[in-house]
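**Q** Below are the sequence and a predicted model; questions follow.
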Amino acid sequence: MRINITLEEALEVLLKESTITEAVHVPLLDAQGSVLAEDIVSDMNMPPFKKSPLDGYAVRAEDTKGASKDRPIILKVIDFVPAGYISDKQLGKGEAIRIMTGAKIPEGADVVVRFEDTEYTEETVTIYQAYSAGTNIVRIGEDMEKGDIVLQKGTVIDAPEIGILATLGKGYVEVCRKPRVAILSTGDELLDIQQPLIDGKIRNSNSYTIAAQIKKLGAKPLMLGICSDDIEAITGKLKSALTWADIVITTGGVSVGDHDLAKEAFQEVGGEMLFWRVRMKPGTPIAVAKKEDKLILGLSGNPAAAYITFEQFVRPIILKKMGRTKYQLMEVKSILKSDFTKVSNQNRFVRGNTYYRDGKYYTKLPGKHSSGVLTSLSGINSLFYIKAATGPYKKGDEITVQLLNHPEVLK
Ligand SMILES: Nc1nc2c(c(=O)[nH]1)N[C@H]1C(S)=C(S)[C@@H](COP(=O)(O)OP(=O)(O)OC[C@H]3O[C@@H](n4cnc5c(N)ncnc54)[C@H](O)[C@@H]3O)O[C@H]1N2
Ligand code: MOO
């Protein structure tokens, strides 16, 4: 087992051990947020027929030759075709067909003139200018052509992709399965959230925070609840989780205390320890093991440490497993709005609120930074990433921040 490794080393190990999930067939709407596991080739032209983009009259360009305000031409209206219907009339010389947006262009017509540019009665339409062939005609296959690869394997499915698949009549689609992530919170001090407080105890917030982080990425959280600092109880829960979960996250019990049993439990269930302790603050004592193709991550029990280490390590492996190719948080340069004087020989992630004004990012820091404080994570959207042995930082300094809610996170 490697101990006290760098952030980069930890991430490299985790990504190397994370394999993409298998393809599954899911109902179309359930595919949102998943990655397409097949190329989608169009088996049709869209639109499948020449259509009108306007409400107006389908006419022949030839019949409009020489038309002007002063010398309009009058055509005979021989039919009416709303969207969803077809006209069985062949348009002849001097004739027009009243047509609605989305309807198929009748045989013989090569122009649509919109209502506003005509005068009409039940029987006739008057046209005031000449049109060239093809005016206001949507060509067959304007959107997709038969044989086109309209969506490539690896595409993240969101609303437009769902619309494309619906156009092609696909009620089901092949996507990389959403990873199943189990969460176990360990500690004798923990109570379920419905339980009243007892002296010396606190409620389990970590399981909920982490489940929400997992859900936000589009993976499937499953909370195993709380577990006392008891090796048999912990291993029992881990064993059953490993039968179905792709990733198991525990919180608490990773430090050096008498009751810190996570590492022992990981090995007890057959896990091979990959590393323990990463040179970062908060979240230093993270412990990671693998069992076959599954990862078991023991995060610090401190709520902010667990949250931040999730963003650094669990987020990328969940996204990689889901088939994503971009899994790093987006980093930008920003201007610090207040002093941060603490200097240490550890990489540090400090909560921040970053905004954009006149071409620059600016970052404000909340008042509380301790890894046991959860409330100051509320409302933040970024992490000020302090490299080891840099600082102190002054108001106005240029800093690096990671954006937590960049669109790439949600896609
Ligand atoms: N002698 C040393 N002590 C500690 C060290 C060290 O290096 N030497 N490291 C400290 C650091 S840094 C951290 S981080 C914590 C990590 O401890 P554990 O991961 O073993 O976590 P616990 O001790 O179980 O809990 C820490 C803290 O968080 C609270 N907690 C735990 N689980 C939950 C939960 N599910 N929901 C809400 N809050 C939770 C717990 O009550 C503790 O207050 O170790 C330091 N100690
Ligand atoms: O890992 Mo601890 O959160 O650094 O205090």
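**A** Looks like it came in fine. Ligands and ions are numbered 1, 2, ... in the order given.
**Q** From now on I want contacts and neighbour counts done on CA atoms only, so please keep to that.
**A** OK.
**Q** Could you report the distance from the closest residue to residue 54 other than its chain neighbours to residue 3?
**A** Spatial nearest neighbour of residue 54, excluding adjacent residues (C-alpha to C-alpha, 6 or more residues apart in numbering): residue 101 at 4.4 Å. Separation of residue 101 from residue 3 (C-alpha to C-alpha, to the nearest Å): 68 Å.
**Q** more neighbours, those two?
**A** Regarding residue 101 and residue 3, a neighbour count based on other C-alpha atoms under 10 Å identifies residue 101 as having more, with 16 against 13.
**Q** before we move on, what SS does that one have?
**A** With DSSP: H, G, I helix; E, B strand; the rest coil as the basis, residue 101 sits in coil.
**Q** Now the phi/psi pair for it, please.
**A** Dihedral angles phi and psi of residue 101 (degrees, to the nearest 10) take the values phi -50, psi 130.
**Q** And residue 130, by the same measure?
**A** The phi and psi torsions at residue 130 (degrees, to the nearest 10) take the values phi -90, psi 150.
**Q** give the contact list for it.
**A** The contact partners of residue 130, by C-alpha atoms under 8 Å, 6 or more residues apart in numbering, come to 61, 64, 65, 66, 67, 68.
**Q** And for the strand or helix carrying residue 297, what's in contact with it?
**A** Element membership of residue 297 [criterion: DSSP states H and E] is strand 294-299. Residues outside strand 294-299 that contact it (C-alpha under 8 Å, 6+ apart) are 17-18, 242, 245-254, 262-263, 266, 271, 283, 285-290, 305-306, 309-310.
**Q** and ligand 1, which of those contact it?
**A** By C-alpha under 6 Å from any ligand atom, the members of the contacts of strand 294-299 lying near ligand 1 are 251, 252, 253, 254, 283.
**Q** Would you mind measuring from the first one to residue 290?
**A** Separation of residue 251 from residue 290 (C-alpha to C-alpha): 16 Å.
**Q** okay, the two: which has more neighbours?
**A** Neighbour totals were compared for residue 251 and residue 290, and residue 251 leads with 26 against 22 (other C-alpha under 10 Å).
**Q** What ranges does the chain have for its helices?
**A** Secondary structure of the chain (DSSP state H): helices at 7-16, 61-64, 159-167, 206-217, 231-242, 262-268, 303-309, 315-321, 407-410.
**Q** between these, which one is nearest to residue 114?
**A** Among those, the nearest to residue 114 by C-alpha to C-alpha is helix 61-64 (13.7 Å).
**Q** ok, residues contacting that closest one?
**A** Contact partners of helix 61-64, identified using C-alpha under 8 Å, 6+ apart, comprise 73, 93, 94, 109, 110, 111, 127, 129, 130, 131, 132, 133.
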